[in-house]
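A.B. asks: Output the structure for:
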Amino acid sequence: MAHILVVDDSPTETHVISSTLEKQGHHVSVAVDGKDGVEKATQLIPDLILMDVVMPELNGFQATRQLTNQPSTANIPVIMVTTKDQKTDKMWAERQGAKGYITKPFTADGLIQEVNRWLLA
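C.D. replies: Modelled structure (predicted):
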């Protein structure tokens with residue numbers, strides 16, 4: 001299946017997301033913050049990135065902007081997975097290059113549906 005990079009500073013969220021994806025047969029790599037996420041995405045070139053917003057060092061908006069402006073990672077779909085649920089947050093994510101937006105808490109089915117939407121696009 002696909003290689004998915006999960007970028008989130010919460011070990012609990014990372015575990016939940018990773019377990020859900022692995023049950024679907026996906027290979028999952030993990031990054032602990034935005035800076036780590038940009039570095040790992042550049043090295044691994046995953047098929048998809050799930051990105052939290054609120055993280056230390058480099059937030060998810062900043063990391064997404066870096067990834068979409070970098071030629072080697074510009075075509076990797078980024079889906080934001082965050083507690084930030086305001087319309088302006090979603091618009092800002094899109095402006096940074098995010099393709100999708102999932103609000104926490106999410107359902108396993110909702111996560112898989114959004115992941116499949118972009119993997120099959």
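A.B. asks: In the protein, mark out all the strands, start to finish.
C.D. replies: 3-7, 27-31, 48-51, 78-82, 100-103 (DSSP state E).
A.B. asks: Take these and lay them out in TSV including mean pLDDT, distance to residue 94 and mean neighbour count.
C.D. replies: C-beta coordinates here come from the backbone N, C-alpha and C atoms, glycine included. Formatted as TSV, the strands of the chain follow (pLDDT from 0 to 100; distance: least, Cβ to Cβ, whole Å; neighbours: other Cβ atoms under 10 Å):
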stretch	mean pLDDT	distance to residue 94	mean neighbour count
strand 3-7	98	18	24
strand 27-31	98	22	18
strand 48-51	98	13	28
strand 78-82	97	9	25
strand 100-103	96	8	18
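A.B. asks: Same list (those strands) but as a markdown table, adding distance to residue 88.
C.D. replies: Converted to a markdown table, the strands of the chain look like this (distance: least, Cβ to Cβ, whole Å):
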| stretch | distance to residue 88 |
| --- | --- |
| strand 3-7 | 21 |
| strand 27-31 | 25 |
| strand 48-51 | 17 |
| strand 78-82 | 13 |
| strand 100-103 | 12 |
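A.B. asks: Check the burial of residue 109 by counting its neighbours.
C.D. replies: If you count neighbours by other Cβ atoms under 10 Å, residue 109 ends up with 9.
A.B. asks: wait, which of the strands of the chain is closest to residue 65?
C.D. replies: The closest of those to residue 65 is strand 78-82. By Cβ to Cβ, the value is 9.8 Å.
A.B. asks: Please name the strands paired to that closest one in the sheet, noting orientation.
C.D. replies: Strand 78-82 pairs in its sheet with strand 48-51 (parallel), strand 100-103 (parallel), by DSSP bridges.
A.B. asks: so can I have JSON lines of those showing distance to residue 19?
C.D. replies: Output for the strands paired with strand 78-82, formatted as JSON lines (distance: least, Cβ to Cβ, whole Å):
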{"stretch": "strand 48-51", "distance to residue 19": "13"}
{"stretch": "strand 100-103", "distance to residue 19": "16"}
